[in-house]
Each structure stands twice: as C-alpha cells, then as structure tokens.
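J.: how would this look folded up:
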Amino acid sequence: MAQQARRPPDGIVWTTAEPDMYACAIEGRTVGFVLRVAGGFIAFDDASNPLGRYQRARAARRSVETIRARRSLE
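T.: Numbers count the residues shown, from 1 in each chain. Modelled structure (predicted):
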C-alpha cells in the first residue's frame with residue numbers, strides 16, 4: 001500500500017497510495033486525496049467530491065488540508 005509518508009505540522013500525514021495518487025490523513029482518518037492528471041492535479045475530499053484542479057501538487061494538497069476538509073473529523 002503506502003510506500004512513503006510526509007509529516008507536515010498539525011498531525012497531517014500524506015502517503016503515496018498508488019502512482020499518481022496521494023492520500024491525506026489527520027489523526028488516522030482519511031480527509032482527502034490528490035490525483036496527478038495530465039496538466040496538473042485534482043484534489044478531492046473524503047467523499048471523493050472534487051475540491052478543484054491545480055497546476056501544482058502543493059496547491060492541491062493545501063486545498064485538502066483546509067478547514068473544509070478537516071470538517072470530516074467532526
């Protein structure tokens with residue numbers, strides 16, 4: 001499954017779920033994911049609803065890490 005993990009602040013953990021798919025977890029719960037697509041990245045929340053399309057992976061990850069994505073923990 002996950003081959004590598006990055007640990008940004010606030011308990012956020014990014015893992016490579018499969019090639020071109022990055023999953024985000026907070027406190028052990030998946031809150032969203034990012035897919036690499038032709039020409040950029042698409043971010044999704046925990047219910048697979050698209051959050052937006054981005055040119056850079058960092059921007060896509062930030063959208064998943066927002067308050068909106070964290071609401072899934074409540």
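J.: name the residues that touch the longest helix along the chain?
T.: Counting residues, the longest helix found in the chain (DSSP state H) is helix 57-64. Residues outside helix 57-64 that contact it (C-beta atoms under 8 Å, 6 or more residues apart in numbering) are 14, 22, 24, 31-34, 36, 40-45, 51-52, 54, 69. All C-beta atoms are positioned from the backbone trio N, CA, C, and that covers glycine.
J.: now, which of these lie within strands?
T.: If you go by DSSP state E, these have 14, 22, 24, 31-34, 36, 40-45, 51-52, 54 in strands.
J.: out of those, which end up buried?
T.: 14, 22, 24, 31-34, 41-45, 51, 54 (16 or more other C-beta atoms under 10 Å).
J.: including pLDDT and distance to Val64, could those go into TSV?
T.: Below are those laid out as TSV (pLDDT from 0 to 100; distance: C-beta to C-beta, whole Å):
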residue	pLDDT	distance to Val64
Trp14	94	9
Tyr22	97	9
Cys24	93	5
Val31	90	6
Gly32	93	4
Phe33	96	7
Val34	97	6
Phe41	98	10
Ile42	97	11
Ala43	96	5
Phe44	95	8
Asp45	91	7
Leu51	93	7
Tyr54	97	10
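J.: coming back round to it: could you give me the buried positions within the longest helix of the chain?
T.: Buried-residue list, helix 57-64, by 16+ other C-beta under 10 Å: Ala60, Arg61, Ser63, Val64.
J.: so what sits opposite Ala23 in the bridge?
T.: Note on Ala23: beta-bridge partners Thr15, Phe33, judged by DSSP bridges.
J.: OK, contacts around Phe33?
T.: Taking C-beta under 8 Å, 6+ apart as the test, what Phe33 contacts is Ala17, Met21, Tyr22, Ala23, Cys24, Ala43, Phe44, Val64.
J.: which residues touch Arg53?
T.: So Arg53 contacts Val37, Gly40, Phe41, Ile42, Ala43 (C-beta under 8 Å, 6+ apart).
J.: give the burial count for the residue lying closest to Arg36 once chain neighbours are set aside, as a bare number.
T.: Excluding its sequence neighbours, the residue lying closest to Arg36 (C-beta to C-beta, 6 or more residues apart in numbering) is Asp20, at 3.9 Å. Asp20 has 11 neighbouring residues, counting by other C-beta atoms under 10 Å.
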